[in-house]
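Novice: dropping a prediction and its sequence here:
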Amino acid sequence: MTRSAGGPGRVARPGRPGEVRLIGGAWKRSKLRVPDIPGLRPTPDRVRETLFNWLGQRLDGWRCLDAFAGSGALGFEAASRGAAEVLLLEQDAGAVAGLQAARQRLGGTTLRVERADALAWMRRCADATWDLVFLDPPFDTGLLAPALSEAVRLVPEGGWVYVEGPVALADPPHGLECPHRGRAGAVHYALLRRRYTAAV
């Protein structure tokens, strides 16, 4: 989860821990620091566990974009599970420094960290670049809907988009289907897939 690309006025989710532990892959049990930033709270362990059960545990060869990285829990989890390329976008300078330090400590050669406004960055990104896009913007910024609209074109047919927010996703945007969804306390989450175009 991130606080990036928004601005003032976000509401903190309660119970933010000082660190988060990766739950699978090569870096299992490794810890990531959660920056002391208002409104920042990483995706809960059991939500991440459910998500990667849905995805099949291993992401060997995948290209993954963590568009609102924050602590980096989702992006680092993907890299830990074999993703070939993971890009973490984050706007807060302190959080970016923490992500860079974690990358160096863990030897994350497949990880890149970029300080950027996530939504603006996504608008410039080429189509079908990523196999999986994580979207977990701050709860009160209204960024999820526009980010999800951009994410549809960033994944190829059969590609995945993960979304997390304070309310349940109603209907996915045109071109996406929702095979998986869940809730953990105040967190609603869903795994969406880009539909295959019917052969003509």
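Specialist: Yes, it's here.
Novice: contact partners for residue 135?
Specialist: Residue 135 is in contact with 67, 68, 144, 147, 148, 151, 161, 162, 163, 164, counting by Cβ atoms under 8 Å, 6 or more residues apart in numbering. The way it works is simple: take the backbone N, C-alpha and C, and place the C-beta from them, glycine included.
Novice: which pLDDT value goes with it?
Specialist: The model reports residue 135 with a pLDDT of 97.
Novice: just the ones in strands from the contacts of residue 135, please.
Specialist: By the criterion of DSSP state E, membership of these in strands covers 161, 162, 163, 164.
Novice: contacts for the strand or helix carrying residue 101?
Specialist: Secondary structure from DSSP states H and E places residue 101 in helix 93-106. Taking contacts as Cβ under 8 Å, 6+ apart, the residues outside helix 93-106 that touch it are 2-4, 27, 30, 32-33, 35, 37, 40, 69-72, 76, 88, 90, 108, 111, 113, 115.
Novice: kindly recompute the last result at 10 Å.
Specialist: With contacts defined as Cβ atoms under 10 Å, 6 or more residues apart in numbering, helix 93-106 is touched by 2-4, 22, 26-27, 30-37, 40, 66, 69-72, 75-76, 79-80, 86, 88-90, 92, 108-116.
Novice: who wins for neighbours among the ones in strands among the contacts of residue 135?
Specialist: Using other Cβ atoms under 10 Å as the neighbour test, the ones in strands among the contacts of residue 135 are led by residue 161, with 27 neighbours.
Novice: check the residue nearest to residue 84 when sequence neighbours are not counted and give its pLDDT.
Specialist: Computed as Cβ to Cβ, 6 or more residues apart in numbering, the closest residue to residue 84 that is not its neighbour in sequence is residue 61, at 4.9 Å. Turning to residue 61, the model gives it a pLDDT of 97.
Novice: what sits against residue 61?
Specialist: 82, 83, 84, 85, 131.
Novice: among these, name the ones in strands.
Specialist: Using DSSP E, the contacts of residue 61 in strands are residue 85.
Novice: any idea how far the spatially most central residue of the chain lies from residue 36?
Specialist: The centroid of the chain falls nearest to residue 134 when counting by Cα atoms, centre = their mean (2.8 Å). Relative to residue 36, residue 134 is positioned 22 Å away (criterion: Cβ to Cβ, to the nearest Å).
Novice: what's the answer for residue 115, then?
Specialist: From residue 115 to residue 36 the distance is 18 Å (Cβ to Cβ).
Novice: and these two? which has more neighbours close in?
Specialist: residue 115 (17 against 10).
Novice: distance check, the more buried one against residue 142.
Specialist: Per Cβ to Cβ, residue 115 is found 22 Å from residue 142.
Novice: I figured residue 188 was touching residue 178, is that so?
Specialist: No: using Cβ atoms under 10 Å as the test, residue 188 is too far from residue 178 to be in contact (11.7 Å).
Novice: overlap in contacts of those two?
Specialist: Common neighbours of residue 188 and residue 178 (Cβ under 10 Å, 6+ apart) are 163, 169.
Novice: please work out the average pLDDT along the helix holding residue 101.
Specialist: Mean predicted confidence for helix 93-106 is 96.
Novice: for whichever helix or strand comes after it, what is the distance to the chain centroid?
Specialist: Following helix 93-106 in sequence order, the next helix or strand is strand 111-115 (DSSP H and E). On the basis of Cα atoms, centre = their mean, to the nearest Å, strand 111-115 sits 13 Å off its chain's mean C-alpha point.
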